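Q: Provide a 3D model corresponding to the input given below.
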Amino acid sequence: MRPYKQSELEQEVEEYHSNEYTKRRLPRMWKDKDDGYADIKTALYEFPSEEELRSIENSDVGDIVDLPPEDRMNRAIELSRNYGKDYKRIIDGLKKQEKIPAPIVVKDSTGRLYLLGGNSRLMLGVALGLNLPIKIIKWKKEIQEMVNEISNGDLSTADEGEPDTGFIPAGKTRMLGVGKLKPEPWYDKGGYQQLHFPKADRIYDKKDKTTPQFQVIKKIKNTGTKYEGFQQDVGSWDKYGSTDYATDFDYGDLVDFYTGDSK
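A: Numbers count the residues shown, from 1 in each chain. As a prediction, this is how the structure comes out:
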């Protein structure tokens, strides 16, 4: 490993300040950019255990560890490519043992681990069978869970929302994220960001809250039943002009038609 260059420090700190999801998980971790630079520079190196790798939040490395060794590289490359990372350069550097900046992980007051930077490096290192050292920033606070919110900014409680009742109350929005009552590790580990916040419709009658409302869409299907006189209407050639389109001819008529002998 090598120390972070100033440009790399700026990139990592800026990523924290511009990532709303991470700022909500680690609120007010840094007062300003200088605090971020100092924390990364002074963070100590540690070699994570396999169990710690599995527990790192905001990272795919746990999923890579859980795969059979022969499947790890393909999956790590696939994820790195999806994130727009130059996986070829990272793999080449790791194989040649070039010095690279270590992945950055925050450890909160309860021992939970949250990745700040270096997901691709960590995944590809594991896929190559390497145990890369990581920089551990110790944080005196706790990593926050994502909570459900409604459009006006108020917070919903667990007994009003999806975890207990199986639905979202009318007017409230669906917030993705990990919660004690609503685990969604695919969202948390993937580092996704929710862009759309649709409001829930009312599912119970406004006056009688015990009566559910349903939307019914009716379609008329052709059952094969025809009305009386259908054959006569469809088969009447006078509706299509004077040309006879009938197909009730014998083989001789067909030969005459193609040989020109018909009169």
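
Q: run through the stretch 151-263 of the chain and note the low-pLDDT ranges.
A: Scanning the stretch 151-263 of the chain with the threshold set as pLDDT under 70 gives 151-191, 197, 199-200, 202-212, 214-216, 218-251, 254, 260-263.

Q: alpha carbons only: can I get stretch 5-23 in CSV?
A: Provided in CSV are the C-alpha atoms of stretch 5-23 (Å, rounded to 0.1, in the frame of the first residue of the first chain):
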residue,chain,number,x,y,z
LYS,A,5,-2.1,11.5,-2.9
GLN,A,6,-3.7,14.9,-2.3
SER,A,7,-5.9,14.5,-5.4
GLU,A,8,-7.0,11.1,-4.2
LEU,A,9,-7.9,12.5,-0.8
GLU,A,10,-9.9,15.2,-2.4
GLN,A,11,-11.8,12.7,-4.5
GLU,A,12,-12.6,10.4,-1.5
VAL,A,13,-13.8,13.3,0.7
GLU,A,14,-15.8,14.9,-2.1
GLU,A,15,-17.5,11.6,-2.7
TYR,A,16,-18.7,11.5,0.9
HIS,A,17,-20.0,15.1,0.7
SER,A,18,-21.8,14.5,-2.6
ASN,A,19,-23.3,11.1,-1.7
GLU,A,20,-26.6,11.7,0.1
TYR,A,21,-27.0,8.0,1.0
THR,A,22,-23.6,7.8,2.8
LYS,A,23,-24.1,11.1,4.5
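
Q: which residues does it contact?
A: Counting by Cβ atoms under 8 Å, 6 or more residues apart in numbering, stretch 5-23 makes contact with 4, 26, 29-30, 33, 36-37, 40-41, 58, 101, 104, 116-117, 191-193, all of which sit outside it. For every residue, glycine as well, the C-beta is placed using N, CA and C.

Q: would you map the strands across this protein?
A: Listed in chain order, the strands of the chain (DSSP state E) span 44-46, 104-107, 113-117, 134-138.

Q: let me have the ones you listed in JSON lines, extended by mean neighbour count.
A: Shown next, in JSON lines, are those (neighbours: other Cβ atoms under 10 Å):
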{"stretch": "strand 44-46", "mean neighbour count": "12"}
{"stretch": "strand 104-107", "mean neighbour count": "22"}
{"stretch": "strand 113-117", "mean neighbour count": "22"}
{"stretch": "strand 134-138", "mean neighbour count": "20"}
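
Q: the ones you listed: which one's closest to residue 257?
A: Nearest to residue 257, of all those, is strand 113-117, at 80.4 Å by Cβ to Cβ.

Q: thinking again about what came up before, wait, which of the strands of the chain is closest to residue 71?
A: Residue 71 sits nearest to strand 113-117 of all the strands of the chain, at 21.6 Å, using Cβ to Cβ.

Q: how big is the angle separating the closest one from strand 134-138?
A: 120 degrees (axes from the mean of the first three to the mean of the last three Cα atoms, to 10 degrees).

Q: dump strand 113-117 to PDB, restricted to CA.
A: Extracted in PDB, the C-alpha atoms of strand 113-117 (Å, rounded to 0.1, in the frame of the first residue of the first chain):
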ATOM      1  CA  LEU A 113     -17.900  -1.600   9.400                       C
ATOM      2  CA  TYR A 114     -18.900   0.700   6.500                       C
ATOM      3  CA  LEU A 115     -16.900   1.100   3.300                       C
ATOM      4  CA  LEU A 116     -16.100   4.600   2.200                       C
ATOM      5  CA  GLY A 117     -13.900   3.900  -0.800                       C
END
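
Q: which elements pack onto that strand?
A: helix 6-18, strand 104-107 (3 or more Cβ pairs under 8 Å, 6 or more residues apart in numbering; DSSP states H and E).

Q: if anything else comes up later, I'll come back, but that's it for now.
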